[in-house]
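Enquirer: Can you look at this prediction? I've put the sequence above it.
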Amino acid sequence: MYFKTSIGSVLLASLAIAGPVHASDTGLYVGGSVGQTTIKENDLNFDESDTSYKVFAGYMILPFLGVEGGYVNFGGPNKNYNGLGSVDIDVDGWEAFVLGALPLGPLDVFAKAGVLSYDIDAKAQGPGLGSISGSDSDEVGAYGVGVAFGIDRFQIRGEYTYYDVSDVDDVYMLSAGVTYRF
């Protein structure tokens with residue numbers, strides 16, 4: 001009997017603590033993440049990754065609905081084609097999302113959809129080619145999913161974000177970071 005009462009007390013206490021956490025999950029937050037971006041372009045046989053990072057701020061209008069925006073640097077994936085040439089790509093941009101969250105006590109599961117406005121600089125070099133470079137800017141769709149574990153005002157966050165860039169086959173970022181809620 002004592003065992004059942006103890007488990008019930010722990011569950012009730014957990015729910016009592018989780019309730020106020022849900023109610024305070026609105027308002028402003030800031031954060032940063034570090035991860036790895038992969039860019040794939042099948043026509044060029046380019047499937048490379050590099051370290052990337054992002055800084056962002058958001059506002060949770062309701063515990064399950066918010067907006068988020070920030071700067072993302074995708075790093076500079078590059079590939080050497082066995083002495084026949086090389087390709088270097090540098091990409092960064094600004095992103096904005098609508099974020100939907102499912103608060104589960106200290107753990108939040110979230111999904112987001114929005115837009116990325118990016119700048120890309122690419123350079124190709126090789127024997128007989130010399131050096132060819134170019135740059136471009138565009139706006140594309142962006143989608144992500146993730147989880148965040150909260151401790152007081154801090155959250156540890158992991159996410160996957162896909163960027164719908166039409167000039168390449170795949171661009172995605174896996175990242176981990178921290179947010180702080182005001």
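Expert: Great, that's in hand. In this text the structure is predicted, and so the values were computed from the model without any measurement.
Enquirer: could you say what helices and strands the strand ranked longest in the chain packs with?
Expert: Secondary structure of the chain per DSSP state E: the longest strand is strand 130-151. Using 3 or more C-beta pairs under 8 Å, 6 or more residues apart in numbering; DSSP states H and E, the elements in contact with strand 130-151 are strand 86-104, strand 107-126, strand 154-163. (Each C-beta comes from the backbone N, C-alpha and C, glycine too.)
Enquirer: can you redo those strands as JSON lines with distance to residue 147 and mean neighbour count?
Expert: Below are those laid out as JSON lines (distance: least, C-beta to C-beta, whole Å; neighbours: other C-beta atoms under 10 Å):
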{"stretch": "strand 86-104", "distance to residue 147": "9", "mean neighbour count": "18"}
{"stretch": "strand 107-126", "distance to residue 147": "6", "mean neighbour count": "17"}
{"stretch": "strand 154-163", "distance to residue 147": "6", "mean neighbour count": "18"}
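Enquirer: if we can go back for a sec, buried residues in the longest strand of the chain?
Expert: By 16 or more other C-beta atoms under 10 Å, the buried positions in strand 130-151 come out as 140, 142, 144, 146, 148, 150.
Enquirer: which one is the third one nearest to, not counting chain neighbours?
Expert: Here the nearest residue to residue 144 in space, its sequence neighbours aside, is residue 161; by C-beta to C-beta, 6 or more residues apart in numbering that works out to 3.8 Å.
Enquirer: In the protein, what helix or strand scores lowest on average pLDDT?
Expert: Ranking every helix and strand in the chain by mean pLDDT, DSSP states H and E puts helix 2-23 at the bottom, with a mean of 43.
Enquirer: before we move on, back to that, pull the longest strand of the chain out as CSV, backbone CA atoms only.
Expert: This file holds the C-alpha atoms of strand 130-151, laid out as CSV (Å, rounded to 0.1, in the frame of the first residue of the first chain):
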residue,chain,number,x,y,z
GLY,A,130,41.4,28.2,-63.9
SER,A,131,39.1,29.6,-61.2
ILE,A,132,35.4,30.2,-61.7
SER,A,133,33.3,31.8,-59.0
GLY,A,134,29.8,33.1,-58.6
SER,A,135,27.3,34.2,-56.0
ASP,A,136,23.6,34.1,-55.7
SER,A,137,20.8,35.2,-53.2
ASP,A,138,17.4,33.7,-52.9
GLU,A,139,14.5,33.0,-50.6
VAL,A,140,13.4,29.4,-50.0
GLY,A,141,11.2,27.3,-47.7
ALA,A,142,12.5,25.8,-44.6
TYR,A,143,11.1,23.1,-42.3
GLY,A,144,12.3,21.6,-39.0
VAL,A,145,11.5,19.3,-36.1
GLY,A,146,13.2,19.1,-32.7
VAL,A,147,13.1,18.4,-29.0
ALA,A,148,14.0,20.7,-26.1
PHE,A,149,14.5,19.7,-22.5
GLY,A,150,13.9,22.5,-20.0
ILE,A,151,15.6,23.2,-16.7
